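J.: please work out how this folds:
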Amino acid sequence: QVQLVESGGGLAQPGGSLRLSCAASGRTVSSLNMGWFRRPPGKEREFVAASRWSTGSTSYADSVKGRFTISRDYAKNTVYLQMNSLKPEDTADYYCAAGRSVFYNAERGYDYWGQGTQVIVSS
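T.: Here you go, the predicted structure:
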């Protein structure tokens, strides 16, 4: 069993930055695909970014490519999502996920989910 706890959400201005953290317990993140998803207000949850355990490769949604970066700290067993150049359309509840499936850029590839952290981008 893997437990995931997100933190770091809050209010940011357009053009600003936030860093989300996802602390994992129960299993080391080095053996897991780790993903970030988000659910904008009134919309379905969508893929944001993922990091594959076997190759170290990363994947990003087109809407965040070049602005968001997913990274891991193995010593802290934590995954981060650095979000720069934030836009109002980035407003959403952000979820961390963990799994081992090859479908690491889709919800079906993940077995464990955090409770979510809210990000609001507004002036």
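
J.: spatially central residue in this structure, please.
T.: Centroid-nearest residue in the chain, with C-alpha atoms, centre = their mean: W36, separated by 2.3 Å.

J.: check contacts around that residue.
T.: Counting by C-beta atoms under 8 Å, 6 or more residues apart in numbering, W36 touches 20, 22, 48-50, 68, 70, 79, 81, 94-97. From N, CA and C alone the C-beta is placed, and that goes for glycine too.

J.: go on, Q118?
T.: Counting by C-beta under 8 Å, 6+ apart, Q118 touches G9, G10, A92, D93, Y94.

J.: what subset of those residues is buried?
T.: G9, A92, D93, Y94 (16 or more other C-beta atoms under 10 Å).

J.: out of these, what pair is the most spread apart?
T.: Greatest spatial distance in the buried ones among the contacts of Q118: G9 and A92, 9.5 Å, computed using C-beta to C-beta.

J.: shared neighbours, those two?
T.: With C-beta under 8 Å, 6+ apart, G9 and A92 have common neighbours Q118, V119.
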